[in-house]
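**Q** show me how the following folds:
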Amino acid sequence: MSDLHIVILAAGKGTRMYSQRPKVLHEIGGKAMLAHVIDTAQSLNPAQVCVVIGHGKEQVLAQVARDDVVWVEQTEQLGTGHALKMALPHLPAHGRTLVLYGDVPLTDAATLQQLLDAAADEVGLLTDVLDNPTGYGRIIRQDGRVVAIVEEKDADAAQKTVREINTGMLVLPNRCLSGWLEQLSSNNAQGEYYLTDLIALANTDNVAVHPVQVARSYLAAGVNNKQQLAELETVYQQQRAHSLLSAGVTLLHPASLSVRGQVEHGQDVLIDMGVVLEGRVVLGDGVRIGAHCVIHNAVIGAGTDIAPFSHLQDCSIGANAKIGPYARLRPQAQLGDEVHIGNFVEVKNTVMGRGSKANHLTYLGDADIGSGSNIGAGTITANYDGVNKYRTVIGDEVRIGSNTVLVAPVVVGNRATTGAGSTITKNCPENQLTLSRSRQTSLAGWVRPEKPKK
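**A** Numbering: from 1, shown residues only. Now for the predicted structure:
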């Protein structure tokens, strides 16, 4: 069994976010920062992961509902050292503990493994070197050895010139943890128990501190405000775009792509500018996504074109279909191969068979449509009576005339036709034309009213 235990500190309020949401719930790539950190932690195969929560704990537990972590409450936010102490009852006296932070979302497993390897059974400390280290704890060295970390508010003028800073992430031997945490004092500028004071205690006990400098600053960057959140979102999206390009996806404007979930794709996929991909999106071979589309939890078959400004949610589309522009596919829209959905057409909880078309200005809700049917412009399935919803069934090779209202529940038989402008309230027989119109009348003697001439 692994001797590694991981504690993620996630109890802070994040006042500089100016938000009612706990800081760790703000999202990078459509996922809470804390969820990113938990996923990375679990990838190291630890014996357990403890998450210390406090401010907004109910929101955290509701949004990040994980049963693969131990939730620990810090009722008073008295500093990072106090937060780790709250997790102490869940940590054995052997092994080692890796401390991470719920607001450092882009830490990767490779960096953490490097830190663990360097620490062995002693102390590992992840550092960074910044051009402007203002606000960060400084790494204090003597003869190359790390002997202390001094927080910005406690640093003197000479210490503030140090550019090597503490990222907060460190590895600690469990055999020393209880004793060191008991020795922490809040006698400092912020009146808190600093986890960083453990470095000096390690030196006192002749436990070596092994610093590891992070390869790129964003891997250890925390989020304290919306500006920093946006900066890391940009880095994350650059990484996702690079991964897609490396895998053969054509991105016409990589900087404008926003990936907020999982993307699976075949070959020769093309994505235009301004596209948002959320949840689980599956793109078959040769799929083309037009500019400014939003696609959420959708499976799109090979050779299908999604024209610009279309919005797809919780739906599936077969091969060689044509969708949009300005189409909206709502949850449980299931479109077969070669289906056409045109501009300003909305489809919800509807199955459409192979080759069926609705090209203009139409609403199809709670319907079953066969293959080869054509739905004329302005058609509406009137599926809702204010309390209950009903289904409309349209057979194969049906022609629905423009401006038809289909009042569900109703069945339109195979190869039936409805006349334009009809309101269909009864079943339509197969192979027949069904009309429902008032008689057209022209009045020869009618005089149109006119305004008086000035």
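**Q** name the residues of the lowest-mean-pLDDT helix or strand in the chain that are buried.
**A** Counting by mean pLDDT, DSSP states H and E, the chain has its least confident helix or strand at strand 145-150, which shows a mean of 91. Within strand 145-150, the residues that count as buried by 16 or more other Cβ atoms under 10 Å are 146, 148-150. No exception for glycine: its C-beta is placed from N, CA and C like everyone else's.
**Q** and stretch 423-437, by the same measure?
**A** Buried residues in stretch 423-437 (16+ other Cβ under 10 Å): 424, 428, 434, 436.
**Q** need the residues that contact the least confident helix or strand of the chain.
**A** Contacts of strand 145-150 with the rest of the structure, by Cβ atoms under 8 Å, 6 or more residues apart in numbering, involve 125, 137-141, 159, 166, 194, 196-197, 199-200, 203, 209, 211.
**Q** following it, which helix or strand comes up?
**A** Using DSSP states H and E, the helix or strand that follows strand 145-150 towards the C-terminus is strand 164-173.
**Q** which elements pack onto the helix or strand just after that next one?
**A** Using DSSP H and E, the helix or strand that follows strand 164-173 towards the C-terminus is helix 174-182. Packing partners of helix 174-182 (3 or more Cβ pairs under 8 Å, 6 or more residues apart in numbering; DSSP states H and E): helix 80-87, strand 96-101, helix 198-204.
**Q** starting at the chain centroid, how far to helix 174-182?
**A** Offset of helix 174-182 from its chain centre (Cα atoms, centre = their mean, to the nearest Å): 38 Å.
**Q** next one: stretch 118-125
**A** For stretch 118-125, the distance to the chain centre is 34 Å (Cα atoms, centre = their mean).
**Q** verify the stated contact: residue 38 with residue 6.
**A** No - counting by Cβ atoms under 8 Å, residue 38 does not reach residue 6; the two are 9.1 Å apart.
**Q** look at these two and report which has more neighbours.
**A** residue 6 (26 against 22; other Cβ atoms under 10 Å).
**Q** and the more buried one, what is it in contact with?
**A** 41, 44, 46, 48-50, 97-100 are the contacts of residue 6 under Cβ under 8 Å, 6+ apart.
**Q** same thing but at 10 Å, please
**A** Residues in contact with residue 6, defined by Cβ atoms under 10 Å, 6 or more residues apart in numbering, are 37-38, 40-42, 44, 46-51, 69, 87, 96-100, 112, 171.
**Q** buried ones only from those residues, please, as a PyMOL command.
**A** Buried members of the contacts of residue 6, defined by 16+ other Cβ under 10 Å, are picked up in PyMOL with:
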select buried, resi 37+38+40+41+44+46+48+49+50+51+69+87+96+97+98+99+100+112+171
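**Q** returning to what we had before: give me the common contacts of residue 38 and residue 6.
**A** Common contact partners of residue 38 and residue 6 (Cβ under 10 Å, 6+ apart): 49, 51, 69, 100.
**Q** immediately after the lengthiest helix in the chain, which helix or strand?
**A** Counting residues, the longest helix found in the chain (DSSP state H) is helix 226-246. Moving toward the C-terminus from helix 226-246, the next helix or strand (DSSP H and E) is strand 250-251.
**Q** direction included, what does that following strand pair against?
**A** Strand 250-251 has the following strand partners under DSSP bridges: strand 270-271 (parallel).
**Q** ok now the partner strand, how far from the chain's centre?
**A** The mean C-alpha position of strand 270-271 is separated from the chain mean by 20 Å, Cα atoms, centre = their mean.
**Q** then stretch 67-85?
**A** 26 Å.
**Q** for that stretch, list the C-alpha coordinates in PDB.
**A** The C-alpha trace of stretch 67-85 is given here as PDB (Å, rounded to 0.1, in the frame of the first residue of the first chain):
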ATOM      1  CA  ASP A  67     -16.500   9.900  -2.200                       C
ATOM      2  CA  ASP A  68     -12.800   9.300  -3.000                       C
ATOM      3  CA  VAL A  69     -11.600  11.900  -0.500                       C
ATOM      4  CA  VAL A  70     -11.800  12.400   3.300                       C
ATOM      5  CA  TRP A  71     -13.500  15.800   4.100                       C
ATOM      6  CA  VAL A  72     -12.000  17.600   7.100                       C
ATOM      7  CA  GLU A  73     -13.500  20.800   8.500                       C
ATOM      8  CA  GLN A  74     -11.500  23.800   9.700                       C
ATOM      9  CA  THR A  75     -14.100  25.700  11.700                       C
ATOM     10  CA  GLU A  76     -11.800  28.700  12.200                       C
ATOM     11  CA  GLN A  77      -9.400  29.900   9.500                       C
ATOM     12  CA  LEU A  78      -6.300  30.400  11.600                       C
ATOM     13  CA  GLY A  79      -3.700  29.800   8.900                       C
ATOM     14  CA  THR A  80      -2.200  27.000   6.800                       C
ATOM     15  CA  GLY A  81      -0.500  25.400   9.700                       C
ATOM     16  CA  HIS A  82      -3.700  25.200  11.600                       C
ATOM     17  CA  ALA A  83      -5.500  23.800   8.600                       C
ATOM     18  CA  LEU A  84      -3.000  20.900   8.300                       C
ATOM     19  CA  LYS A  85      -3.400  20.300  12.000                       C
END
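**Q** residue ranges with poor pLDDT in this protein?
**A** Along the chain, segments meeting pLDDT under 70 span 1.
**Q** domain-wise, how is it divided?
**A** Taking automatic domain parsing as the domain assignment, the ranges for the chain are 4-220, 226-434.
**Q** can you list those domains in JSON lines and add distance to residue 454?
**A** Formatted as JSON lines, the domains of the chain follow (distance: least, Cβ to Cβ, whole Å):
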{"stretch": "domain 4-220", "distance to residue 454": "59"}
{"stretch": "domain 226-434", "distance to residue 454": "39"}
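**Q** how close does the nearest residue to residue 175 once chain neighbours are set aside get to residue 37?
**A** Once flanking residues are discounted, residue 175 sits nearest to residue 93: 6.3 Å by Cβ to Cβ, 6 or more residues apart in numbering. For residue 93, the distance to residue 37 equals 26 Å [Cβ to Cβ, to the nearest Å].
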